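S.K.: model the following, please.
(one chain, ligands or ions: 1)
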Amino acid sequence: MADSVQISSNGKTYSYPVVTGTENERGIDISRLRSDTGMITLDPGYGNTGSCKSAITYIDGDKGILRYRGIPIEEFEREPDFIEVAWMLIFGRLPNSTERERFGNRLTANAHLHESMKHTFEGFPTNAPPMAITSAMINTLGCFHSEFYSLTDEMQLEEVAARLISKIRTIAAFTYRRVNGLPYIYPDDKLRYCANMLHMMFSKPYEQYIADTEIEDALNLIFILHADHEQNCSTSTVRMVGSSKANLFASISAGVCALWGPLHGGANAEVLGMLEKIHDGGLTAEKYIELAKQKDSNVRLMGFGHRVYKHYDPRAKMLQKTCETVLKKLNRQDPLLDIARKLEELALADDYFVSRKLYPNVDFYSGIILRAIGIPINMFTVMFVIGRLPGWIAHWKEQHDDPTAKIARPRQIYTGPVNRHYVPINQR
Ligand code: CMC
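M.R.: You can find the predicted model right below:
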């Protein structure tokens, strides 16, 4: 196969090298294009643009493949351990038992927030969007840890990663307690990662919430399945901000804002809104599908379609199974699950969705599981933040370790007015 590509412009031909990845993905290295030809590429939404080389996550969207550091996502279903996956994503290999234990201990030791941060929570109105609080509190956390603004070695990175991954849970739980006017519940060092999170959200000052193993495992799996997804909008944001050498807290805080959008992390909440609307009798599943097909309706089948997957999202398949397990454990029938199944059945038999390769994505079932666990809709995207955090840290590290990395600074094709003169206000 050609290892270079020729581009002709104004009678001259230029040759550009083809870069091949370990899974034979191929990209044209056009870094000299502008200096050679005076032209740039135009790719709105970056669907054809590789922004970096990365060794963290591999996706083959046509075949529905997702691998973390080479390991198929399905292999994490058996023994879901979010902490192990987090360390592996960040440091590139599975931790040995000493490393796993050390990282776990660091997480336990850092679960508490500085007491002053409670005052910051108090400053938010109780109707503040949880994603706004989460982003702000991550930057606030950075103010208490400015010693980590510039990192010198991997141990320091492990320390700051442990702080972030541990404290994000406490931030999420305190956010929930704040917007619901509930007293804050402190972390319990004896509990594992997900059980501790659920304890801080749902315990009462006089009665501890004890999570069932199935519920703990389901949350662990949700976090693992969200842990990384290569150059998506929020991860690219973290890299973009990090490329200016902004610290990890600031970069992650920006990633949270990107994740907030309904086309990205906000989609799981939108899925639930859609299912509830159908359930409450506003629409039938059939009518919703018809609306989603009409361009001028502004309606989309939420939880369907993906920029990369043109096949069933493997994460959606795993969550569909977990959804059944959780509802069975809780001995609950959720009519929204029946509506989701109906929508899926209708869409997968409809040429509109089939021809556009629109399949269920990770958000289609995650909302039903979160709801069954008792997590309210306005906290869904915050749960996504907890899951995605290790991926963001891994990408920030990868970028900072790359000696060839540059500040991200895309160009544009200018379409505004050409040179004209300023007109004084009394002459306009
Ligand atoms: N419902 C109806 N039509 C759709 C949908 C949908 N959910 N998704 C895409 N289409 C249509 C779209 O109108 C377009 O049709 P046409 O070719 O006739 O103009 C075609 O399919 C291609 O869509 P696109 O918007 O160009 O695709 P994209 O790659 O830019 O968008 C997406 C991907 C995820 C934003 C989009 O599929 C979508 O809006 N889905 C619903 C929101 C959602 O579930 N988001 C979660 C994504 S997974 C979590 C994450 O990784 O963030």
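
S.K.: how many neighbours does whichever residue of the stretch 101-250 of the chain sits closest to the ligand have?
M.R.: Closest contact between the stretch 101-250 of the chain and the ligand, by CB to the nearest ligand atom, is at Asn232 (5.1 Å). Yep, even glycine has a C-beta here, placed from its N, CA and C like the rest. Asn232 has 21 neighbouring residues, counting by other CB atoms under 10 Å.

S.K.: what does Ile7 give?
M.R.: By other CB under 10 Å, 15 other residues sit near Ile7.

S.K.: ok, it to the ligand distance?
M.R.: 26 Å (CB to the nearest ligand atom, to the nearest Å).

S.K.: tell me what the longest strand along the chain is packed against?
M.R.: Assignment by DSSP state E gives strand 12-20 as the longest strand of the chain. Helices and strands touching strand 12-20, by 3 or more CB pairs under 8 Å, 6 or more residues apart in numbering; DSSP states H and E, are strand 4-9, strand 26-28, helix 33-37.

S.K.: ok, now how distant is Tyr309 from the ligand?
M.R.: Distance from Tyr309 to the ligand, by CB to the nearest ligand atom: 8 Å.

S.K.: His279 and Leu337 touch, don't they?
M.R.: No - counting by CB atoms under 8 Å, His279 does not reach Leu337; the two are 10.5 Å apart.

S.K.: tell me the residues on the stretch 251-400 of the chain that lie near the ligand, please.
M.R.: Within the stretch 251-400 of the chain, the residues that sit near the ligand (CB under 6 Å from any ligand atom) are 263-265, 267, 292, 300-307, 356, 358, 361-363.

S.K.: if any of these are buried, give me the PyMOL selection for them.
M.R.: Those of those that count as buried under 16 or more other CB atoms under 10 Å are selected in PyMOL with:
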select buried, resi 264+265+267+292+300+301+302+303+304+305+306+358+361+362+363
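
S.K.: related to what we said a few turns ago, what's the most buried one of the helices and strands packed on strand 12-20?
M.R.: Most buried of the helices and strands packed on strand 12-20, by mean neighbour count (mean count of other CB atoms under 10 Å): strand 26-28, with a mean of 15.

S.K.: partners of that one in the sheet?
M.R.: Partners of strand 26-28 in the sheet, by DSSP bridges, are strand 12-20 (antiparallel).

S.K.: for the partner strand, what is the distance to the chain centroid?
M.R.: Relative to its chain's centre, strand 12-20 lies at 34 Å (CA atoms, centre = their mean, to the nearest Å).

S.K.: how far off strand 4-9 does it point, in degrees?
M.R.: Put simply, strand 12-20 runs at 150 degrees to strand 4-9, going by axes from the mean of the first three to the mean of the last three CA atoms, to 10 degrees.

S.K.: pull the distance from whichever strand or helix holds Thr325 to the chain's centre.
M.R.: Secondary-structure element containing Thr325, defined by DSSP states H and E: helix 314-329. Averaging C-alpha positions (CA atoms, centre = their mean) puts helix 314-329 19 Å from its chain's average.

S.K.: do the same with stretch 156-168
M.R.: The chain centre lies 18 Å from the centre of stretch 156-168; the measure is CA atoms, centre = their mean.

S.K.: report the buried residues of it.
M.R.: Leu157, Glu158, Glu159, Val160, Ala161, Ala162, Arg163, Leu164, Ile165, Ser166, Lys167, Ile168.

S.K.: any idea how far Glu398 is from the second one?
M.R.: In this structure, Glu158 and Glu398 are 15 Å apart, going by CB to CB, to the nearest Å.

S.K.: the helix holding Thr325 packs against which elements?
M.R.: Counting by 3+ CB pairs under 8 Å, 6+ apart, helix 314-329 packs on strand 65-68, helix 213-226, helix 363-373.

S.K.: for this protein, which residue gets nearest to the ligand?
M.R.: For the chain, CB to the nearest ligand atom, closest residue to the ligand: Gly305, 2.4 Å.

S.K.: now that residue: closest residue in space, sequence neighbours ignored.
M.R.: The spatially closest residue to Gly305, leaving aside those adjacent along the chain, is Leu358, at 4.2 Å (CB to CB, 6 or more residues apart in numbering).

S.K.: does the one you found touch Leu348 like I think?
M.R.: No - using CB under 8 Å, Leu358 is not in contact with Leu348; the gap is 9.1 Å.
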